[in-house]
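**Student:** Would you be able to build a 3D model of this:
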Amino acid sequence: MADVLSQNEIDALLKQLSSGELDVDNIEDSKSAKVKEYDFSRPAKFSKEHLRTLEIIFEHFGRLLSSNLPAYLRKNVQVEVMNSEAVTYSEFSNALSNPVLLGVVNMAPLTGNIIIEMATNVGYTIIDRLLGGIGEPLDKVRDFSEIELSILERIFSIIISLLREPWANVVEIEPYLERIETNSQFAQIISPTEMIAILTININIGGVEGLMNICLPFLTLEDVMDKLNTKYWFSTMQDKDEQSYAEVIETAINKALIPVSAELGKSSITVMDFANLQVGDIIKLNRDVSEELDIYVGNIVKFKALPGSFSDNYAVKVTEIYREEE
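**Tutor:** Numbering: from 1, shown residues only. You can find the predicted model right below:
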């Protein structure tokens with residue numbers, strides 16, 4: 001509701017107008033509404049908050065790439081998220097050159113596809129490494145052969161499988177590679193005027209650098225847009241850390257192998273006696289046969305035990321447990 005002027009305020013305004021202290025034009029300018037231009041050809045469907053959350057998701061994705069790709073390429077791989085922006089799909093597709101390396105990815109259960117564009121020099125480097133080369137890109141750009149595309153399909157499938165974990169805080173997805181396109185005209189997954197978010201990632205494979213662009217259409221992300229905010233993302237991440245991560249770590253530790261050894265006793269002899277040892281010689285230990293043995297877990301004494309046998313194998317029977325507080 002607009003403010004209502006009192007009679008005294010009205011009289012004061014009239015007095016200022018009549019005396020020339022107040023200009024009518026200044027009043028009209030101050031009351032004029034500020035108009036913000038809106039470009040209907042580029043509707044603002046992605047906010048800064050959305051783009052920032054996508055950057056966080058793909059920073060996690062980049063860390064997974066850095067740790068997983070070296071196992072296949074046998075080269076150090078460094079991945080860094082450069083920037084994110086919202087553009088129309090036509091701006092993205094018009095900037096592509098031929099030949100291009102595009103992976104069309106189904107983001108089930110989300111609607112539609114996303115596109116992963118990999119720089120051709122990175123593609124040639126990956127092929128060279130997987131075929132036993134030193135990992136150098138080609139001097140002259142050419143089309144990919146069928147064999148090379150088959151090799152790249154394997155790497156794309158590995159890369160796409162790594163998307164599950166970063167997106168788990170937003171939605172459980174089962175992404176898979178539908179096809180690889182080398183011509184941008186055959187990758188029209190949405191209308192040219194539709195808005196998309198582009199995440200640009202820099203990949204360095206043993207000194208060879210190139211860009212990977214992730215094209216995320218609004219139509220694909222529309223159902224989860226309310227979850228693409230940092231508050232929701234961090235809250236779900238903390239819940240997952242406290243619950244599932246603790247269980248995963250505990251399971252991994254339970255399966256770890258640790259060395260266990262029983263010490264029969266100790267003895268000291270001279271170097272000359274050691275050099276002259278023969279089969280049948282007896283070394284006297286510092287422990288009686290009826291005494292309990294020290295049982296080591298790693299290099300720490302954890303148990304006391306008596307020696308014996310079990311199923312024709314040497315064995316020990318635990319008689320005492322050393323607690324940490326002891």
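
**Student:** what about the helices in the stretch 101-250 of the chain?
**Tutor:** In the stretch 101-250 of the chain, the helices defined using DSSP state H, counting those that start in this stretch lie at 120-130, 146-161, 164-167, 218-221, 230-240, 246-254.

**Student:** Which among those helices is found nearest to Phe310?
**Tutor:** Closest approach to Phe310 among the helices of the stretch 101-250 of the chain (C-beta to C-beta): helix 246-254, 24.1 Å. For glycine as for every other residue, the C-beta is placed from the backbone atoms N, C-alpha and C.

**Student:** quick one, longest helix in the chain?
**Tutor:** Counting by DSSP state H, the longest helix found in the chain is helix 48-68.

**Student:** what pLDDT, on average, does that one get?
**Tutor:** Averaging pLDDT along helix 48-68 gives 90.

**Student:** Turn the helices of the stretch 101-250 of the chain into a markdown table, columns for distance to Asp312 and mean pLDDT.
**Tutor:** Shown next, in a markdown table, are the helices of the stretch 101-250 of the chain (distance: least, C-beta to C-beta, whole Å; pLDDT from 0 to 100):
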| stretch | distance to Asp312 | mean pLDDT |
| --- | --- | --- |
| helix 120-130 | 51 | 90 |
| helix 146-161 | 48 | 92 |
| helix 164-167 | 48 | 90 |
| helix 218-221 | 65 | 89 |
| helix 230-240 | 49 | 61 |
| helix 246-254 | 30 | 73 |
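
**Student:** Can you say which of the ones you listed is nearest to Gln188?
**Tutor:** Proximity to Gln188 (C-beta to C-beta) singles out helix 218-221 among the helices of the stretch 101-250 of the chain, at 13.3 Å.

**Student:** Other residues contacting that closest one?
**Tutor:** For helix 218-221, contacts defined as C-beta atoms under 8 Å, 6 or more residues apart in numbering pick out 45-46, 107, 110-114, 190, 194-197, 225, 228.

**Student:** Which ones among these map onto strands?
**Tutor:** 113-114, 195-197 (DSSP state E).

**Student:** Which members of these are the farthest-apart pair?
**Tutor:** Spanning the widest gap among those are Asn113 and Met195, at 15.4 Å by C-beta to C-beta.

**Student:** The two: who's more crowded?
**Tutor:** More crowded of Asn113 and Met195, by other C-beta atoms under 10 Å: Asn113, with 22 against 19.

**Student:** quick one: that one from Asn94, how far?
**Tutor:** Per C-beta to C-beta, to the nearest Å, Asn113 is found 19 Å from Asn94.

**Student:** what does Asn83 give?
**Tutor:** Per C-beta to C-beta, Asn83 is found 19 Å from Asn94.

**Student:** Over to Glu247?
**Tutor:** 48 Å.

**Student:** now do Thr111
**Tutor:** Plainly put, Thr111 is 24 Å away from Asn94 if you go by C-beta to C-beta.

**Student:** swap in Asn204?
**Tutor:** Distance of Asn204 to Asn94, given as C-beta to C-beta: 27 Å.

**Student:** got it, and Leu102?
**Tutor:** Applying C-beta to C-beta, the value for Leu102 to Asn94 is 14 Å.

**Student:** Equivalent analysis for Leu211, please.
**Tutor:** Plainly put, Leu211 is 17 Å away from Asn94 if you go by C-beta to C-beta.

**Student:** So if I had to pick from the two, which one is more boxed in?
**Tutor:** Ranked by neighbour count (other C-beta under 10 Å), Leu211 and Asn94 place Leu211 first, with 14 against 10.

**Student:** how many neighbours does the closest residue to that one other than its chain neighbours have?
**Tutor:** Excluding the flanking residues, the one nearest Leu211 by C-beta to C-beta, 6 or more residues apart in numbering is Ala119, at 5.1 Å. Here the number of neighbours of Ala119 (other C-beta under 10 Å) works out to 19.

**Student:** Got the confidence number for Ala119?
**Tutor:** Confidence score, pLDDT, at Ala119: 90.

**Student:** List the contacts of it.
**Tutor:** Going by C-beta under 8 Å, 6+ apart, Ala119 touches 101, 203, 210-212.
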